[in-house]
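*Asks:* I need the structure of the sequence given here:
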Amino acid sequence: MSKFFYKDKPVIGLDISSTGIKLMSIDSKKWLVNGYASADLDPLKMKEALESEESTFLTDNIKSLMAEKVIGTVSSDRVAITVPTARSYTRTFTLPSSAEKTLDEAVILEAEQYIPIPVSTLYIDYQIVERSRKTITVLMSAVSRVIIDNITKSVEKAGFTPILIEPGINAVGRVLTATEDGSLPTVIVDIGPANTDIAILDKGSIRVTGGIPIGGNSFTLDIAKKLNISLENAHQLKVLNGLSAGPRQQKLKEALEPSLERILVETKKVIRYYNERINSERKLEQLLIVGGGSNVPGIGEYFTNSLIMAARVASPWQKLDFGKVQEPPKQFRPRYITVAGIASINPGSIWK
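*Replies:* All right, here's what the predicted structure looks like:
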């Protein structure tokens, strides 16, 4: 009964990250944005909200977001939610077809070998993403029970009904599959304010993830320290000049390179894992850079030259139609890719 009750109800997307929350309502058939909202929040309080049952911080801020910051309209009370990718564990693995009969046990065994915390403290979900005559490829995601329970409780207290929770990078993969030829084997580098998530997207699903606690804010701090200027001036130099040719290029490159190099090392690690452990036959075709920290001119060329792979900043916004809703300023649009991904999920597909 519940399947038919929910199926045709609109769903809104709620992106919960380590540095804020975002809401978006999309007509997934038309890719038409009905409304959206965003709030940057104290990372320490967000961490506490995810880990503590006593905190009302998340509930209070979701209510405030709905009451004060929505541009356009957000009319549904059913939400699909993304959780910080860095707080999740995602990987794919291949099993003999015969293992499908005991797949629950096989997934638990894989989780015990791969995840560094007890599986009893996790919610684990999985799906078969590929089949051949002899093997099945399984995608597994796991998140701490405490985090999921606290998010669910906070969202319900804010007046919403959660119907789906997934890591943020999965939502990013959904948008890129629809807008950026994401059917190609693709490396995703999602640079947020405080973290960079790295993933391999292949045939419409995330195959492996990695990450590092460096993001767009790190770039700004690096420039401010190197050039001995204010954070505001450093941010301006980052988004206007970045790695592009110009009189300050050398100093800016010297400032940004240590953090970019650390992201590059983690990216190479994820690529190597995919090539050696998951799929040695399908060649990775492109690298797409997304997220609020992707607004550094020249960053695509940096990754292209460093990895000898076609790399660029993804721009899925031509697919999203804001209609009569006021669009976010161009420099802020990359921040909305995750919430656009979770908001664009087809409600019917959740219940298949």
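*Asks:* What is the neighbour count of the residue nearest to residue 180 when sequence neighbours are not counted?
*Replies:* Distances taken as CB to CB, 6 or more residues apart in numbering place residue 314 nearest to residue 180, at 5.0 Å, with adjacent residues excluded. Using the backbone N, CA and C atoms, a C-beta is placed for each residue, glycine as well. Using other CB atoms under 10 Å, residue 314 has 25 neighbouring residues.
*Asks:* Sketch out the low-pLDDT regions of the stretch 1-150 of the chain for me.
*Replies:* Applying pLDDT under 70 to the stretch 1-150 of the chain flags the ranges 1-8.
*Asks:* nope, the stretch 251-352 of the chain is what I was after
*Replies:* Short version for the stretch 251-352 of the chain, where the test is pLDDT under 70: 280, 347-352.
*Asks:* how about the residue nearest to residue 180, what does it touch?
*Replies:* Contact analysis of residue 314 by CB atoms under 8 Å, 6 or more residues apart in numbering lists 176, 179-180, 288-290, 294, 337.
*Asks:* Can you tell me which of the residues you listed end up in helices?
*Replies:* Using DSSP state H, the members of the contacts of residue 314 that fall in helices are 176, 179, 337.
*Asks:* Could you export the residues you listed to CSV, including columns for neighbour count and distance to residue 258?
*Replies:* Shown next, in CSV, are the ones in helices among the contacts of residue 314 (neighbours: other CB atoms under 10 Å; distance: CB to CB, whole Å):
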residue, neighbour count, distance to residue 258
176, 26, 28
179, 20, 32
337, 26, 26
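*Asks:* Pipe those residues into JSON lines and attach distance to residue 120 per row.
*Replies:* What follows is the ones in helices among the contacts of residue 314, written out as JSON lines (distance: CB to CB, whole Å):
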{"residue": "176", "distance to residue 120": "34"}
{"residue": "179", "distance to residue 120": "39"}
{"residue": "337", "distance to residue 120": "34"}
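*Asks:* of those, closest to residue 34?
*Replies:* Closest approach between those and residue 34, by CB to CB: residue 337, at 17.5 Å.
*Asks:* doesn't residue 288 make contact with the closest one?
*Replies:* No - using CB atoms under 8 Å, residue 337 makes no contact with residue 288, being 10.2 Å away.
*Asks:* Nearest residue to residue 99 in space, ignoring adjacent ones along the chain?
*Replies:* Here the residue nearest residue 99, using CB to CB, 6+ apart, is residue 106, at 5.0 Å.
*Asks:* Same check on residue 62?
*Replies:* With CB to CB, 6+ apart, the residue lying closest to residue 62 is residue 158, at 3.9 Å.
*Asks:* Can you give me the separation between the one you found and residue 286?
*Replies:* To residue 286, residue 158 is 38 Å away according to CB to CB, to the nearest Å.
*Asks:* Look up how far residue 220 lies from residue 72.
*Replies:* Residue 72 sits 30 Å away from residue 220, going by CB to CB.
*Asks:* who's more crowded, those two?
*Replies:* residue 220 (23 against 17).
*Asks:* need the contact list for that one.
*Replies:* Contacts of residue 220 (CB under 8 Å, 6+ apart): 231, 234-235, 238.
*Asks:* for those, which one is nearest residue 325?
*Replies:* residue 235 (26.7 Å).
*Asks:* okay, now residue 305: neighbour count?
*Replies:* Residue 305 has 10 nearby residues by other CB under 10 Å.
*Asks:* Then residue 161?
*Replies:* Residues near residue 161, counting by other CB under 10 Å: 14.
*Asks:* next one: residue 285
*Replies:* 14.
*Asks:* For residue 54, grab the count of nearby residues.
*Replies:* Residue 54: 8 surrounding residues under other CB under 10 Å.
*Asks:* Next up, identify which helix or strand it is on.
*Replies:* Using DSSP states H and E, residue 54 falls within no helix or strand.
*Asks:* And the helices in this structure, which stretches?
*Replies:* Going by DSSP H, the chain shows helices at 2-7, 43-51, 57-68, 103-114, 145-157, 168-179, 216-227, 231-240, 249-273, 299-307, 337-343, 347-350.
*Asks:* if I look at the residue sitting furthest away from the middle of the chain, how far off is residue 219?
*Replies:* Distance from the C-alpha centroid of the chain peaks at residue 247, with 34.7 Å (CA atoms, centre = their mean). For residue 247, the distance to residue 219 equals 19 Å [CB to CB].
*Asks:* And residue 65, by the same measure?
*Replies:* 27 Å.
*Asks:* Quick check on those two: which one has the bigger neighbour count.
*Replies:* residue 219 (27 against 21).
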